[in-house]
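[1] Pasting a predicted model and its sequence here:
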Amino acid sequence: MLPDLERLIQLQRLDTAADEARRTVDGIPSRIEDLDTRLTASTTAVDAARTCVEDKKNERQAGEKSLAEVQGRLSRFKEQLMAVKTNKEYTAVQHEIATAEAEVQRLEDTILEHMLEADDLAANVEAAERALQADRVEIERDRAALETTRAEMERTLSGTSNERVTLTGHIGAAARELFEAVARQRGGIAVVEARDGHCTVCHVRLRPQVFNQILRNTELIQCESCMRILYHDPNDGGARAREHDPAR
Ligand SMILES: [Zn+2]
């Protein structure tokens with residue numbers, strides 16, 4: 001294989017690996033943000049569940065206070081009943097007592113309901129706390145994995161950057177300039193494989209003579225459509241067998 005072509009293929013591998021590493025690193029902050037959002041949501045759910053418990057407790061205390069007041073009134077009516085002089089008064093106080101007793105009954109029912117609800121609400125708090133705890137563990141694990149990936153990718157980037165300097169030093173100026181020019185215009189992809197008579201990136205069908213030249217890997221040949229430098233992968237064993245007949 002033409003030495004410059006071989007080195008350009010290697011250069012492309014380095015650039016592609018660096019590009020992937022850079023994309024991964026760039027994507028990490030938003031993934032960490034997603035983890036933070038998830039943690040906030042779980043924390044908010046616990047707060048909301050606790051607020052429900054607190055609200056219900058306040059309601060129950062208000063109910064208990066009302067109950068004490070009505071019970072106080074009821075005892076006073078019962079004392080009054082002992083002191084009434086007329087039937088009319090007796091009926092009136094009896095009526096007050098009945099009203100107060102109904103009110104006591106209603107308040108006691110409400111308080112009982114609140115106590116039952118409070119059990120459910122306390123269970124909700126526990127469930128939310130357990131979910132938060134599980135999320136915390138998972139989120140911390142994911143965050144640590146992202147930091148590991150970031151460190152790995154940064155090592156890859158610095159490794160490829162050093163390798164690139166060494167490698168480009170061994171590539172002829174013309175080949176290097178061609179590579180850089182095509183890479184600039186073609187999203188960083190300057191060297192691609194030709195397979196089955198086609199450019200594997202823009203998929204244009206190559207002329208048979210051109211493809212046969214590419215199979216030899218002895219010169220820098222550009223795709224006529226996307227201008228990328230084409231090569232043949234010798235490990236793609238089927239290619240020779242499928243070699244195009246130039247006479248066709
Ligand atoms: Zn092409």
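    Yep, that arrived. Not measured: the values here are computed from a predicted model.
[2] any chance you could map the helices in this protein?
    3-83, 87-168, 173-185, 208-216, 238-241 (DSSP state H).
[3] Report whether the fourth one contacts the ion.
    No: shown here: helix 208-216 not in contact with the ion (C-beta under 5 Å from the ion), separated by at least 11.2 Å. In this view, the C-beta of every residue, glycine as well, is placed from N, C-alpha and C.
[4] Tell me how many other residues surround residue 188.
    Residue 188 has 13 neighbouring residues, counting by other C-beta atoms under 10 Å.
[5] and if you look at residue 121?
    20.
[6] so what's it up against?
    Residue 121 sits next to 49, 52-53, 56 when contact means C-beta atoms under 8 Å, 6 or more residues apart in numbering.
[7] returning to that earlier point: so of the helices of the chain, which one's packed in deepest?
    helix 208-216 (a mean of 17; mean count of other C-beta atoms under 10 Å).
[8] Which strands and helices lie in contact with that helix?
    strand 221-222 (3 or more C-beta pairs under 8 Å, 6 or more residues apart in numbering; DSSP states H and E).
[9] any chance of the helices of the chain in TSV, plus mean pLDDT?
    Below are these laid out as TSV (pLDDT from 0 to 100):
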stretch	mean pLDDT
helix 3-83	96
helix 87-168	96
helix 173-185	97
helix 208-216	96
helix 238-241	49
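[10] circling back to that earlier point, and the contacts of residue 121 as TSV, adding distance to residue 27?
    Shown next, in TSV, are the contacts of residue 121 (distance: C-beta to C-beta, whole Å):
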residue	distance to residue 27
49	34
52	38
53	40
56	44
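[11] now, which of these lie close to the ion?
    Answer for the contacts of residue 121 near the ion: none qualify (C-beta under 5 Å from the ion).
[12] How about the residues of the chain by the ion?
    199, 202, 223, 225-226.
[13] how close does the spatially most central residue of the chain get to residue 155?
    By C-alpha atoms, centre = their mean, the mean C-alpha position of the chain lies nearest to residue 34, the distance being 4.7 Å. Remark: distance between residue 34 and residue 155 (C-beta to C-beta, to the nearest Å) = 24 Å.
[14] Would you map out the domains in this structure?
    Domain assignment for the chain by automatic domain parsing gives 21-168, 173-241.
[15] that older thread, what's the closest of the contacts of residue 121 to the ion?
    residue 49 (59.4 Å; C-beta to the ion).
[16] Neighbouring strands of the longest strand belonging to the chain in the sheet, and parallel or not?
    Looking across the chain with DSSP state E, the single longest strand is strand 191-195. Paired strands of strand 191-195, with direction, are strand 198-199 (antiparallel), strand 229-231 (parallel) (DSSP bridges).
[17] tell me the mean pLDDT over it?
    For strand 191-195, mean pLDDT rounds to 97.
[18] any idea how far the closest residue to residue 43 other than its chain neighbours lies from residue 207?
    Leaving aside its sequence neighbours, residue 43 sits nearest to residue 132 (C-beta to C-beta, 6 or more residues apart in numbering; 6.3 Å). Distance of residue 132 to residue 207, computed by C-beta to C-beta: 65 Å.
[19] who's in contact with residue 10?
    Applying C-beta under 8 Å, 6+ apart, the residues near residue 10 are residue 167.
[20] Quick check: it vs residue 233, distance?
    13 Å.
[21] just to revisit the earlier point, of all the domains of the chain, which lies closest to residue 14?
    Evaluated with C-beta to C-beta, the domains of the chain place domain 21-168 nearest to residue 14, the distance being 4.6 Å.
[22] ends of that closest one, how far apart?
    End-to-end distance for domain 21-168: 20 Å, by C-alpha to C-alpha, to the nearest Å.
[23] starting at the chain centroid, how far to that domain?
    25 Å (C-alpha atoms, centre = their mean, to the nearest Å).
[24] Likewise for stretch 201-221?
    That offset, for stretch 201-221, works out to 43 Å (C-alpha atoms, centre = their mean).
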